[in-house]
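>>> With the sequence up front, the predicted model follows.
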Amino acid sequence: MSIQTVLLIVVILSGFGLMTARKLSQEIAVPLVAFIAIILAGPNEGLRSLEGGFKEFARVGLLFTAVAIPAHMLQESNLFNLLGTRIGAMIGSLNLKFKADIVLLVSIISIFTTYVMAALFHNTTSILVNSYIIYVLSKAYKLPAIFILSAALIASNLGGFSTRWGDTPNIVESQVWGLKHVDFFREILPVNMLLVFILAFVAYFLTKRMVGNNRDVSRIKLAYSMIKFKTEGRFMSVDNRLITFGIMALLIAVMGPLFFPLYEIPLSALGIVVALLGTPNAGRTKTLYALGIETYFTLISIFVLAQVFGHSAIGIGKLIEGFLQTNTGSIYPVLALSYLGTLSTEAASWATATSPLIAKLFPTHLGAWALGAGICAGSSSLITAASAGIILAHQTSTYEKDSRVDFASYIKFGIPFSLFMLLFYAVILPLYMKLF
């Protein structure tokens, strides 16, 4: 291992440390680490990594924009607020009728809604839509949303891992291993659903501990909040034009590629055009840059860093390849390396870089699930390890402190649960796959 490689690892770990201590925000720390990585790579490797990073980001950036713009339109239309009032009123009614724990109801409904939407559409779509609804519910019922939103990010990763179209790594792995929709439904979806149950109860337990057990005060607040939800929902108006064009654009961008996979890029561009045409002229600039320039810059930096770390002469790509080639007897090295690689870089980049090698060494479906499981756990470890996490940080940056998810607040939840996920997959996957 060269001195440059050691320095690169030190720089990456230092960046994590500064973000954890809140000395630097992720919008500053991640690009700063990427710039230092380019310097360490040298002129030729640095340029190659820069070009490779931008090339990988180009497709992902377009897809995210095609999802973010219509999601922003639906939020501006007041649709999410309306959905929040409907769900909030339902939760309040269930609490008063059956005396169900309000924290449990909010946690389970939020986590499973996020999971199902990610499985049906895409994990970034799910985060963009559900993060605001979760915040509305939590704020109305006087609950801190930090653990529920953190768990929702992991639920979106699990949902994305459960279907062939759920996230970018799955699409890559499906092409390399030849996985079909039925393979996901039979072989990995049941495993992930069990994890979602565990995740929901962890989010409930941690939120409950923050809230405390003052039942008398909480029931008064709950009754008031339920009445407020019903009243607001009855008189709330929505912008039907924004809803119509937003849903139309989302269907084109998300559902279109399911039927016409070769036209994913043109359909994403078409979805953006439709969304902008449906937005009033005064709001088009705000709609087009809904994700914020800092989000794009952070994403680009992560893809460039992934190129330096995984593919350049100072990266660890060759070390990983050599290690896997000498450890083909079990899936545990694949799980561990996929976890660490995703944690250090980003899910889509890692899947693209390592899928061909792992498929060659582990051609069975178990090899694909080991890679996907390691990536899913790794992308759930840090908020910078998955694009959905970066988007969640941007979405919650204006929320109240007890509902704001950033690198430092998420790491306390993400690292422990992601390690549990890794152990869970290591035990369950080999046993479950013996059934097929």
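Great, that's in hand. Numbering: from 1, shown residues only.
>>> Would you mind pulling up the elements that the helix or strand Val172 falls within packs against?
Element membership for Val172 (DSSP states H and E) is helix 168-177. Judged by 3 or more C-beta pairs under 8 Å, 6 or more residues apart in numbering; DSSP states H and E, helix 168-177 is in contact with helix 146-162, helix 347-361, helix 365-379. In this view, the C-beta of every residue, glycine as well, is placed from N, C-alpha and C.
>>> Any buried residues in it, and which?
Within helix 168-177, the residues scored as buried using 16 or more other C-beta atoms under 10 Å are 168-174, 176-177.
>>> what does stretch 255-265 give?
Quick answer for stretch 255-265 (16+ other C-beta under 10 Å): 256-257, 264.
>>> try stretch 94-103
95, 102-103.
>>> Identify, from those residues, the entry nearest to Leu366.
Val103 (37.8 Å; C-beta to C-beta).
>>> Restricting to C-alpha, output the helix or strand hosting that closest one in CSV.
Assigned by DSSP H and E, Val103 falls within helix 102-120. The C-alpha trace of helix 102-120 is given here as CSV (Å, rounded to 0.1, in the frame of the first residue of the first chain):
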residue,chain,number,x,y,z
ILE,A,102,-49.1,7.2,19.2
VAL,A,103,-45.3,6.8,18.9
LEU,A,104,-45.8,3.2,17.7
LEU,A,105,-48.4,4.2,15.1
VAL,A,106,-46.3,7.1,13.7
SER,A,107,-43.2,4.9,13.6
ILE,A,108,-44.7,1.9,11.9
ILE,A,109,-46.8,3.8,9.4
SER,A,110,-43.9,6.1,8.5
ILE,A,111,-41.3,3.3,8.1
PHE,A,112,-43.6,0.9,6.1
THR,A,113,-44.9,3.7,3.9
THR,A,114,-41.4,4.6,3.0
TYR,A,115,-40.4,1.0,2.4
VAL,A,116,-43.4,0.2,0.2
MET,A,117,-43.0,3.4,-1.9
ALA,A,118,-39.2,2.7,-2.4
ALA,A,119,-40.0,-0.9,-3.5
LEU,A,120,-42.7,0.3,-5.9
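>>> any idea how far it is from the chain center?
Between the centre of helix 102-120 and the centre of its chain there are 14 Å (C-alpha atoms, centre = their mean, to the nearest Å).
>>> and after that helix, which helix or strand comes next?
helix 123-140.
>>> pLDDT and distance to Arg86 added to the buried residues of helix 168-177, as a markdown table?
Compiled in a markdown table, the buried residues of helix 168-177 are given as follows (pLDDT from 0 to 100; distance: C-beta to C-beta, whole Å):
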| residue | pLDDT | distance to Arg86 |
| --- | --- | --- |
| Thr168 | 73 | 32 |
| Pro169 | 81 | 33 |
| Asn170 | 81 | 31 |
| Ile171 | 75 | 33 |
| Val172 | 77 | 37 |
| Glu173 | 84 | 37 |
| Ser174 | 83 | 35 |
| Val176 | 85 | 42 |
| Trp177 | 89 | 41 |
